[in-house]
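1. how would this look folded up:
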Amino acid sequence: MNYLYPLFAVLIWSANTVVSKQSAGAIAPTEIGFLRWVLAVLIVTPLLLPAVWRNRAAVRQHAWQILVLGLLGMVVYQSCAYFAAGYTTATHMGIILTLSPMLVLAICVGLLGQPLTMGGALGAVLAFGGVLLVVSEGHPGQLLEQGLNRGDLLMLLACAAYAVYNVLLKRWHMPAISSWQLLYLQMVVAMVAQLPIYLASPKIGINAHNWYMVAYAGTMASIVASWMWMTAVVRLGPSRSIMFFNLTPLFTALIAAAWAKEQLQTYLWIGGALTILGVVLAERWKTPVRLARSAAASTTSG
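-> Residues are numbered from 1 along each chain as shown. Below you'll find the predicted structure:
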């Protein structure tokens, strides 16, 4: 049952990746990035504000942590994705998101002292190769001449922000604040943080061509998927939950092909498969690198 939370969260967000791509030109990134949180806050405020107010002592105690989580997971991550949609494809966006598990692994090993496993080391190389193949559209050598496009770079930044968010969400577990209350507070942070940018930016406005994008982003992607994901991270941990990001390229590519009529090129399947294989190895091959080296040395000396 616990695995249904990250599964459905990733499915909803994969669809939102396609919505993000469709929003390019139909509504300004700063508009949808702000209005989605306004809609989400309006929907849940009557249900959650009384409980948050009664729990204000615990909220005040964890205020700075809530602020950091809101900025990383709701502002930087989401905003980068919306701006990236104007420069890259939905399928590219989905596959690049599969780097998040490798980034979580890097943070856990480099900063938290988690042992590096053989699967983690080999998986990181395969995943990097897969993403390199995707963003270069099947010609990695061209990156030396052209570099990454702006949208791919923004998605990589989004991945980094979300990886840090997932690690901190588990590390800063706040038992005194329920998942719904924590989600609501992060929504408020996102809304307030993006208000000045929204006011200063040009606007298209809500119309017949973009209202459903704001509605989907503000309900399914902002409320339902976010709560499911937070619940998954608390119950399963960040490294196990984020494995489900492996399904992002498959879900995104299928949805984009069915809805946005994007073609499924061969390099997308190969790059996505390499990335998925890399993350699966990282999860399944748990032998620490140091033990593997010691075993190999013993065999050689014997």
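
2. Averaged pLDDT, the host helix or strand of Gly271. What do you get?
-> For Gly271, the host element (DSSP states H and E) is helix 266-284. If you average the pLDDT over helix 266-284, you get 75.

3. In PDB, could you pull the C-alpha coordinates for it?
-> Presented in PDB, the C-alpha positions along helix 266-284 are these (Å, rounded to 0.1, in the frame of the first residue of the first chain):
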ATOM      1  CA  THR A 266      15.000   5.800 -30.500                       C
ATOM      2  CA  TYR A 267      17.500   7.800 -28.400                       C
ATOM      3  CA  LEU A 268      14.800   8.600 -25.900                       C
ATOM      4  CA  TRP A 269      14.100   5.000 -25.200                       C
ATOM      5  CA  ILE A 270      17.800   4.100 -25.000                       C
ATOM      6  CA  GLY A 271      18.700   7.100 -22.800                       C
ATOM      7  CA  GLY A 272      15.700   6.400 -20.600                       C
ATOM      8  CA  ALA A 273      16.500   2.700 -20.300                       C
ATOM      9  CA  LEU A 274      20.100   3.500 -19.300                       C
ATOM     10  CA  THR A 275      19.000   5.900 -16.600                       C
ATOM     11  CA  ILE A 276      16.400   3.500 -15.200                       C
ATOM     12  CA  LEU A 277      19.000   0.700 -15.200                       C
ATOM     13  CA  GLY A 278      21.500   2.900 -13.400                       C
ATOM     14  CA  VAL A 279      19.000   3.700 -10.600                       C
ATOM     15  CA  VAL A 280      17.900   0.100 -10.300                       C
ATOM     16  CA  LEU A 281      21.500  -1.000  -9.800                       C
ATOM     17  CA  ALA A 282      21.900   1.700  -7.200                       C
ATOM     18  CA  GLU A 283      19.000   0.300  -5.200                       C
ATOM     19  CA  ARG A 284      19.700  -3.500  -5.700                       C
END
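
4. Give the buried residues for it.
-> 267-268, 271-272, 274-283 (16 or more other CB atoms under 10 Å). C-betas here are computed from N, CA, C, even on glycine.

5. Next: stretch 4-12.
-> Buried, per 16+ other CB under 10 Å, within stretch 4-12: 5-6, 8-12.

6. ok, back up a step: contacting residues around the helix holding Gly271?
-> For helix 266-284, contacts defined as CB atoms under 8 Å, 6 or more residues apart in numbering pick out 91, 95, 98-99, 101-102, 105, 117, 119-120, 122-134, 137-138, 239-240, 243, 245-246, 249-250, 253.

7. which ones among those residues are found in helices?
-> Residues of the contacts of helix 266-284 located in helices (DSSP state H): 91, 95, 101-102, 105, 119-120, 122-134, 239-240, 249-250, 253.

8. Low-confidence ranges, the stretch 101-250 of the chain, go.
-> Where the stretch 101-250 of the chain drops to pLDDT under 70, the residues are 110-116, 120, 135, 137, 142-148, 239, 246, 249.
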